[in-house]
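*Asks:* Got a sequence here, can you model it:
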Amino acid sequence: MTAPRGRTGRPPLTEARKTEIRREIARAAVDLFVSQGVTSTTGEQIGRAVGLSARTVWRYFPSKESCVTPLFSEGIHAIAAFLREWPSGQSLQEAVDRWLVAGTGIAGGPDRSTVGALVRLTRTEPGLRAVWLQTYDEAEPAFARALAERAGLPADDLRVTIRAAMFNAALRAAVEHYAWREQYALRGDHAQGERTAAETELEATLRQALAVASEGVK
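*Replies:* Numbering: from 1, shown residues only. As a prediction, the model looks like this:
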C-alpha cells in the first residue's frame, strides 16, 4: 500500500501577492514605455525588470499595453470609494476637502508623476489609448452603483446612469488636462517648483470637474 502523495512545488500565491505582482509589472512597463517607447518594449524586457519570465507576464496580462491597467484602475477605484463615502447632505467641496485632509488623496493610486507620464503616452500610443478608455468604460457602472447607493435609487435608474457618465467624463478630462499641464511644467529652469504647482493643480482641476458634474446631485 502506498502513502498518498503530498502536494509538491511552491505554495499557491495569495491574491494579495498576485495584486502586488500585477502592480510591479505595471510600473516596470510604464518606466520602459516612457524611456524607450511602447513599440521598442518587449514582454521579455518587462519581465526582466521585475525578475519574471515573459511567459509569467503574459499569464497576468494579454498584451504589453494592458500591463498598465492596474495603474489606471487604482485611481478609478479611489474615486468610486470616494463617491460611496460621500455623505448625503454634505457638499462635494466639503467631502473632497475632508478626504484630502485625511491623507487619502482624491487621485488615489500611483504617484502623480507616474500617472502624468502614462496619460501623456495615451495621446501618441493607440494601444495605450484603448486601455485608458476601456478603463473608464468599465468604471462607469461602478460610479453608477456608488451614486445609486448614496441616493437610494436603483443602479439602473436613468438619472444615476447620466450622473455617472458625467462624473466619468469630467474625471477623464481633468486627468488628461493635468497630464499635459504637467508636461509643460517639467520644462525650463524652474521645473521642480512648477511641477509642484502642476501637482497642486490636479487637485484643483479634479475639484472643479467633480463640482460641475455634481450639479443637481443632492
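*Asks:* Now for the residue sitting nearest the centre point of the chain: which residues touch it?
*Replies:* Residue closest to the average C-alpha location in the chain (CA atoms, centre = their mean): residue 72, at 2.6 Å. Residues in contact with residue 72 (CB atoms under 8 Å, 6 or more residues apart in numbering) are 118, 131, 132, 135. Quick note: C-beta positions are derived from backbone N, CA and C, even for glycine.
*Asks:* Same question for residue 141.
*Replies:* Per CB under 8 Å, 6+ apart, neighbours of residue 141: 155, 164.
*Asks:* And for residue 54?
*Replies:* 42, 43, 44, 46, 47.
*Asks:* Now do the strand or helix carrying the last one: which elements does it pack against?
*Replies:* Same thing as residue 47. In this assignment (DSSP states H and E), residue 47 forms part of helix 43-49. Helices and strands touching helix 43-49, by 3 or more CB pairs under 8 Å, 6 or more residues apart in numbering; DSSP states H and E, are helix 15-36, helix 54-60.
*Asks:* Quick one: mean pLDDT for stretch 173-190?
*Replies:* For stretch 173-190, the mean pLDDT works out to 65.
*Asks:* Run through the helices of the protein in chain order.
*Replies:* Assigned by DSSP state H, the helices in the chain fall at 15-36, 43-49, 54-60, 69-85, 92-101, 112-121, 126-151, 158-185, 191-213.
*Asks:* which residues of the chain score low on pLDDT?
*Replies:* The chain contains residues with pLDDT under 70 at 1-11, 99-113, 182-199, 201, 213-218.
*Asks:* what residues go with each domain of it?
*Replies:* Using automatic domain parsing, the domain parsing of the chain gives 15-64, 68-213.
*Asks:* Appreciated, that's everything.
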